[in-house]
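Enquirer: 3D model of this:
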Amino acid sequence: MKDVRKDCRIALIQAEPVLFRKEACVQKALELIEEAAEHGAELIVFPELFIPGYPIGMNFGFSMGKRTEEGRQDWKKYYDASVVAGGPEFERLSQAAVKTGAYISIGFSERDAVNGTLYNSNVIFEPDGAYKVHRKLKPTGTERVVYGDADRGFFPVTETPWGPMGSLICWESYMPLARVALYQKGITIYISPNTNDNPEWQATIQHIAIEGKCYFVNADMLVRRESYPSDLNEQEAIDRQPEIVCRGGSCIIDPFGQYVTEPVWDEEAVIYADLDMDLPAACRMEHDPVGHYSRPDVLELIVHE
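Expert: Numbering: from 1, shown residues only. Presented below is the predicted three-dimensional model:
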């Protein structure tokens, strides 16, 4: 491992997206970025699909072998609110990274500029305005009726003063080989934009932090039932949701599997922490998952980049 800077000031954003409203989501993100930067944040992390929100509970009129016209209309609204990588929304976020000098990670519904397919994606902007996009390898469950499988740039890693940083989106973290693909790139900060507000997920992320000997940044969101747009056709499915549809639970886990910040539930919050970047290397003394503890003569992962 290369020498890294000893500390990292992070702002973990647990916020509610403005569902189906691209411009409002971008504006809210820019305001939160500015607030975090004013508190000294060098790394600012948003949840999964923050732009234009995660449509939890909706099915867009899909059933086995059938679709509905009403569902197609709702899907088109989500399509219109999705973002083309490199488009004007990206330009504004890129400028925010340059202005604040921060690394910014944010989840978004990506619309392919050529074929129009949607992807559940995450982008990490660098302080010089450059960026890398990660598309979710395999959408989970009925996400598959909205988003396509990743088709490029499967495990991008951003070089930072604190070591390599990468992301896996939500249930990608339940793909053991995907985790190892990131470990092989030496990541010290593992960003997980997600909507997993259940206690079992907390056990999962503690395990991954220990396994990978890295900081696990658990970036979840708040979603309220009342926040869904009133002009959607699928109101019956939305009405069946609880008052708080996604409770959050955002937190940061250190390489020992311990909470740097405790999970935050049922409210918006900007969670600040100062990460001791000596820990990822120090923890590998007795266990390095892709180094001296890996037995490459017995086990090998081949990644088709």
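
Enquirer: rest of the way, CA atoms for contacts and neighbours
Expert: Fine.

Enquirer: mind listing what residue 103 touches?
Expert: Residue 103 is in contact with 42-44, 97, 124-127, counting by Cα atoms under 8 Å, 6 or more residues apart in numbering.

Enquirer: go with 6 Å
Expert: For residue 103, the contact set (Cα atoms under 6 Å, 6 or more residues apart in numbering) comprises 43, 125-127.

Enquirer: tell me the buried residues within those.
Expert: Listed as buried from these are 43, 125-127; burial here means 16 or more other Cα atoms under 10 Å.

Enquirer: which parts of the chain are strands?
Expert: Ranges of strands in the chain, per DSSP state E, are 7-14, 43-45, 103-111, 118-125, 131-135, 157-160, 163-167, 189-193, 215-219, 222-224, 244-253, 259-265, 269-276.

Enquirer: what would those look like in CSV with distance to residue 53 and mean pLDDT?
Expert: Rendered in CSV, the data for the strands of the chain read as follows (distance: least, Cα to Cα, whole Å; pLDDT from 0 to 100):
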stretch, distance to residue 53, mean pLDDT
strand 7-14, 13, 97
strand 43-45, 15, 98
strand 103-111, 8, 98
strand 118-125, 11, 98
strand 131-135, 16, 98
strand 157-160, 24, 98
strand 163-167, 18, 98
strand 189-193, 12, 98
strand 215-219, 14, 98
strand 222-224, 9, 98
strand 244-253, 11, 98
strand 259-265, 18, 98
strand 269-276, 17, 98
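
Enquirer: out of those strands, flag the one nearest residue 182.
Expert: Closest to residue 182 of those, according to Cα to Cα: strand 163-167, at 6.9 Å.

Enquirer: what sits up against the closest one?
Expert: With Cα under 6 Å, 6+ apart, strand 163-167 has contacts from 4, 157-158, 187-192.

Enquirer: got the angle between it and strand 131-135?
Expert: Relative orientation of strand 163-167 versus strand 131-135 (axes from the mean of the first three to the mean of the last three Cα atoms, to 10 degrees): 40 degrees.

Enquirer: for the stretch 1-150 of the chain, give me the ranges with low pLDDT.
Expert: In the predicted model of the stretch 1-150 of the chain, residues 1 satisfy pLDDT under 70.

Enquirer: go again with 90.
Expert: Applying pLDDT under 90 to the stretch 1-150 of the chain flags the ranges 1-5, 63-64.

Enquirer: all set now, cheers.
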